[in-house]
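Asker: Here is a sequence with its predicted model. Questions after.
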Amino acid sequence: DAKTTQPPSMDCAEGRAANLPCNHSTISGNEYVYWYRQIHSQGPQYIIHGLKNNETNEMASLIITEDRKSSTLILPHATLRDTAVYYCIVRTPLINDYKLSFGAGTTVTVRA
Amino acid sequence: GAGVSQSPSNKVTEKGKDVELRCDPISGHTALYWYRQSLGQGLEFLIYFQGNSAPDKSGLPSDRFSAERTGGSVSTLTIQRTQQEDSAVYLCASSSTGKNIQYFGAGTRLSVL
């Protein structure tokens, strides 16, 4: 998997958008950007993934730069329940590329 | 629909005892994974089941660990003669054919005294 770099922590005000950056300058052409999060004492939760186009689902938006060397996860209206560690990983969507591993991630604290 | 279900949520056992951890994947998911997460650490891959194929057991840390998946659905992770270093959260995930998105259960927190 390509290495990713994320800030160790960030604070966000409740109700505001949270923008989480991720650098992946060595990403390969067939690798996607995936985001997971882990709320304290829970299992990891899939958020979103994308290749090169921006993606949006009910949880978040993913903006990938044109050169694909970085991306931003956007939580449009952060709530206290979004407090978690967020992991950005790059990997292929192939079914045999299945061993997930997370780096340190970004600890996001949403404050009232 | 129901997500991945794991039981028990917590297990306290004495050193040397055997434990069984259960995972019920999302209905219809063909792939099932077991991971271990020690306190403050990342995911450690243990084993992977895909349909009727032979499982990938490359992540099992010792021969005290084994897992089976019956009928392509429920899986049981067994740890024999538990040791204190086995204390961790054991996570199960499943995914559907052709989609490399893993959906996790809440985990079983194992404490070996």
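Answerer: All right, it came through fine. Numbers count the residues shown, from 1 in each chain, chains lettered A, B, ... in the order given.
Asker: Could you list the residues of chain B in contact with chain A?
Answerer: Residues of chain B found near chain A (CB under 8 Å from any CB of the partner chain) are B:4, B:31, B:33, B:35, B:42-43, B:45, B:48, B:50, B:59, B:91, B:93, B:95, B:97-107. To be clear about C-beta, it is placed using only N, CA and C from the backbone, and glycine gets the same treatment.
Asker: now these: which count as buried?
Answerer: The neighbour count (16 or more other CB atoms under 10 Å in any protein chain shown) marks B:4, B:31, B:33, B:35, B:43, B:45, B:48, B:50, B:59, B:91, B:93, B:95, B:100, B:102-107 as buried among the residues of chain B next to chain A.
Asker: What residue in chain B comes nearest to chain A?
Answerer: Across chain B, no residue is closer to chain A than B:F104, which sits at 3.3 Å (CB to the nearest CB).
Asker: and that residue, what is it in contact with?
Answerer: For B:F104, the contact set (CB atoms under 8 Å, 6 or more residues apart in numbering or on different chains) comprises A:G43, A:P44, A:Q45, B:V4, B:L91, B:C92, B:A93.
Asker: got it, and B:S111?
Answerer: For B:S111, the contact set (CB under 8 Å, 6+ apart) comprises B:N10, B:K11, B:V12, B:T13, B:S87.
Asker: SS state for it?
Answerer: strand (DSSP: H, G, I helix; E, B strand; the rest coil).
Asker: lowest average confidence, helix or strand, in chain B?
Answerer: Least confident helix or strand, chain B: strand B:43-50 with a mean of 92, by mean pLDDT, DSSP states H and E.
Asker: Surely B:Q83 and B:K15 touch.
Answerer: Yes. Judged on CB atoms under 8 Å, B:Q83 makes contact with B:K15 at a distance of 6.3 Å.
Asker: Which neighbours do the two have in common?
Answerer: Here B:Q83 and B:K15 have B:V112 as joint contacts, going by CB under 8 Å, 6+ apart.
Asker: Can you give me the pLDDT of residue 68?
Answerer: Reading this off chain A. A:R68 is assigned a predicted lDDT (pLDDT) of 95.
Asker: let's do chain B instead
Answerer: B:E68 is assigned 95 on the pLDDT scale.
Asker: before we move on, which element is the closest residue to it other than its chain neighbours in?
Answerer: Using CB to CB, 6 or more residues apart in numbering or on different chains and skipping the chain neighbours, the partner closest in space to B:E68 is B:T76 (5.8 Å). Using DSSP states H and E, B:T76 falls within strand B:75-79.
Asker: next structured bit after that strand?
Answerer: As assigned by DSSP H and E, the chain's next helix or strand after strand B:75-79 is strand B:88-95.
Asker: For the residue of chain B closest to chain A, list each beta-bridge partner.
Answerer: B:A93 (DSSP bridges).
Asker: so who does the residue most central in space within chain A touch?
Answerer: Chain A has A:W35 as the residue nearest its centroid, 3.3 Å off, counting by CA atoms, centre = their mean. A:W35 makes contact with A:20, A:22, A:46-49, A:60, A:62, A:73, A:86-89 under the criterion CB under 8 Å, 6+ apart.
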